[in-house]
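# turn this into a model:
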Amino acid sequence: LPIIPRDLGACELYPQMLKHNCNGRFVAVCGDGEFIIYTSQALRNKAFGQALDFVWSGTGTGDYAIRESISRVKIFKNFKESKTIKPATASSEGLFGGNLIGIKGGDGSVLFYDWESGSFIRKIDVDAKEVYWSDGGNMVCIATKDSAYVLSYNAEATATAIAMGNVSPEDGIDGTFDLMYEINDTIHSGKWVGDCFIYLNTGGRLNYTVGGQVQTLVHLETSAGGVTKHTILGYLAKEDRVYVVDKALNVSTYKVMLSVLEYQTAVMRGDFDSANELLPAIPETEYTTVARFLESQGFKEEALAVTADPDHKFDLALELGHVDVAHALMGEIPAEDKETTDTMAKWKRLSDAALQDSNFELCEAASLASNDYAGLLLMYSAIGNAEGMANLAKSAEADGKANIAFTAYMLTGNIEACVDILITTNRLPEAAFFSRTYLPSRVDEIVSLWKADLSKISESAAEALISPSSDKASFPDFDVALQVEKMFVQQRANTASTGIPATSYMTAKEDLTLNLIELVKSQGGGAPAPVPEADPEPEMITAEEVVESGGDEEAAALTAAAEAEQAAFAEAEAARLQAEVEAEAEGERMHAEAEAARIQAEAEAARFQAEAEAARIQAEAEAARFQAEAEAARIQAEAEEARIKAKLEMEAKLAEEQRMKAEMEAAAAAQQAEEERLMAEMEQMASEMPAKTPSDDMDDFDDDW
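Numbers count the residues shown, from 1 in each chain. From the prediction side, this is the model:
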């Protein structure tokens, strides 16, 4: 604001404090152990005296108090001494004005006394830095070094107790003060507007609080040390503005709607009828601020009805369980914002709220809109939605969510799609074993892909892999498995349109434990697995045949030969079985080596990736360190520049003062020399003038007359 200062005159003492009285007609200055009261318009002296501290009353025009010493405080009524108080503390170190006299005790406390009677009201055990009284006198804010406390004051109880003489010299009057809330901030200056306290903290933030809820109005400029340079002057209700002044006496104003403050005050009193009457007077731009205040006080339904911020309204609707309102708000989102991360997060929150409310239709719609595949998998599997599960599998696969897609395909019986996903994601070993169990017709295809992929790492390991087409003997009952696969595909096709009803669970669950291969074999289906050809068994000769051939010697010889041939056949059979066992063990060993080689290769790749990630993190940390050092150097340079600048300004100021002092001394010396010269001339002229007679003096007088 453009303000033109007006010089009112000089003060007779060096002022360390300046305070106006309650109506602004008088101003008091205090310093050097004295005080002087002036009229604020003409700066005429009204009263003066000796005092260490001076405070005005919050109501009386000429009522004030002074701290005469550490053990005596005097009260003045209409500029005349009225009472003397001896504080109930070892040492009084300061005074606070307002509706009660506040005396700062040396033990870190504040003692309040009544202006009229001088009675002790109450002792508050806080080390107060300043005390701010509301205009109505029903609330007081006691600011300390690190925080502030807002208390309510019961003036009626105080007046009643004083009238009846129920005042304790040690404890004062019970029930006069009650703690309302605490402000966890350092207050530099403040002003009450109704039940709202506007204050400026040391960090330069202009805030106001109602009911403990702090709202920031503006961030003001601070000094190089981060300390505010402004002080609150006051608040004009007709302008809806708060006025602040900096150390250069520049006055600034900021908008603070009185209607908003009155509305919040009415809410704090629980007077919603008055609050509703005040609401139309509040601009719609302030509705969101009002709504957040209502939410902080627990009035969320009222906040939902008042707020104009869609995000705030969405949050309130979910907290109150109004999922339909939240869904309607999601439909109002602009088209360009529908795919943003914030919108997707809102859909996810709406999905969770709808699921909690058992609104499955809305839950499904919200999950589809937010691509919440995990939530859809849970819901579809819980309610048995086969069609939704099939669509989920396709959507998840298209969006690259392989785990969700695999699970969904598995639950719907689409084994072919599961195998395709494993192949697409290059999980070839898993695909091979999965197809061996569920889709044996594709084992050869997948093993060939596995070999081609493994050969890039180890040729020997790739050659060790076998398939049914190359070594069918190593895959027992493979033909039966192919028949079981055909049976499964046929049954899936038969139940594709209707599915298996949930009522059949008690009987269908037994099918999960069936060994289908053994079942098919027991029913005579399928061809037996081929057995390696062996030497044809020699024709055995029985004892009866030997007898019939005649001759005991020949019979004995034939019997011995038959026994020898039988023993040789048994040895050959044992050797064949041993060879089969060794071949099978060799195959298992080579398979284990191939698997170990694959695991080692994956571990090596993971190690390389971890080393690369560690190098990236180290590089980022090094860059951050360099940036922090550069920032610290910049701050240090700025501080050094500010210090040099301040030093130069101080030196320039001292030089200017010395120059002015020298000029004043030179001017004084010149003036003194001029006076001496004039005095000498006058003395010389007087000595040269002839003596006059009385008649001559009379003639001169007549001429002059």
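# once you drop chain neighbours, what's closest to residue 1?
Nearest residue to residue 1, sequence neighbours excluded (Cβ to Cβ, 6 or more residues apart in numbering): residue 251, at 4.6 Å. (Glycine included, C-beta is placed from N, CA and C.)
# so who does the one you found touch?
1, 3, 233, 243-245 (Cβ atoms under 8 Å, 6 or more residues apart in numbering).
# over to residue 219?
Residue 219 neighbours (Cβ under 8 Å, 6+ apart): 204-206.
# which of those lies closest to residue 591?
Residue 591 lies nearest to residue 205 out of these, by Cβ to Cβ, at 71.0 Å.
# touching, that closest one and residue 215? I think so.
No: with contacts defined as Cβ atoms under 8 Å, residue 205 does not count as touching residue 215, sitting 10.4 Å away.
# shouldn't residue 161 be in contact with residue 171?
No: counting by Cβ under 8 Å, residue 161 sits too far from residue 171 to count as a contact (11.4 Å).
# please say which of those two ends up with more neighbours.
Higher neighbour count among residue 161 and residue 171: residue 161, with 20 against 11, using other Cβ atoms under 10 Å.
# flag the shaky bits of the stretch 501-650 of the chain, pLDDT-wise.
The stretch 501-650 of the chain contains residues with pLDDT under 70 at 524-577, 579-581, 587.
# can you map out the helices along it?
Residue ranges of the helices in the stretch 501-650 of the chain, as given by DSSP state H, counting those that start in this stretch, are 505-508, 516-522, 543-549, 552-688.
# ok, now the stretch 1-150 of the chain?
Going by DSSP H, counting those that start in this stretch, the stretch 1-150 of the chain shows no helices.
# rewinding a little: of the contacts of residue 251 - the most surrounded one?
residue 244 (23 neighbours).
# which strand residues bridge that residue?
residue 232, residue 252 (DSSP bridges).
# looking at it now. What's its pLDDT?
For residue 244, the model assigns a pLDDT of 93.
# then the one 10 residues further on?
In this model, residue 254 is scored at 90, pLDDT.
# show me what counts as buried in the host helix or strand of it.
Residue 254 belongs to strand 251-255 when elements are defined using DSSP states H and E. Of all the residues in strand 251-255, those buried under the rule 16 or more other Cβ atoms under 10 Å are residue 252.
# OK, contacts around residue 512?
Per Cβ under 8 Å, 6+ apart, neighbours of residue 512: none.
# check residue 432 too.
Residue 432 neighbours (Cβ under 8 Å, 6+ apart): 443, 446-447, 450.
# just say helix, strand or coil for it.
Classification of residue 432 by DSSP: H, G, I helix; E, B strand; the rest coil places it in helix.
# distance of it relative to residue 450?
6 Å (Cβ to Cβ, to the nearest Å).
# ditto for residue 681
128 Å.
# the two: which has the busier surroundings?
residue 450 (20 against 10).
# need the pLDDT of that one.
Taking residue 450 on its own, its pLDDT is 92.
# does it touch residue 465 like I think?
Yes: with contact defined as Cβ under 8 Å, residue 450 counts as touching residue 465 (6.2 Å).
# no further questions, thank you.
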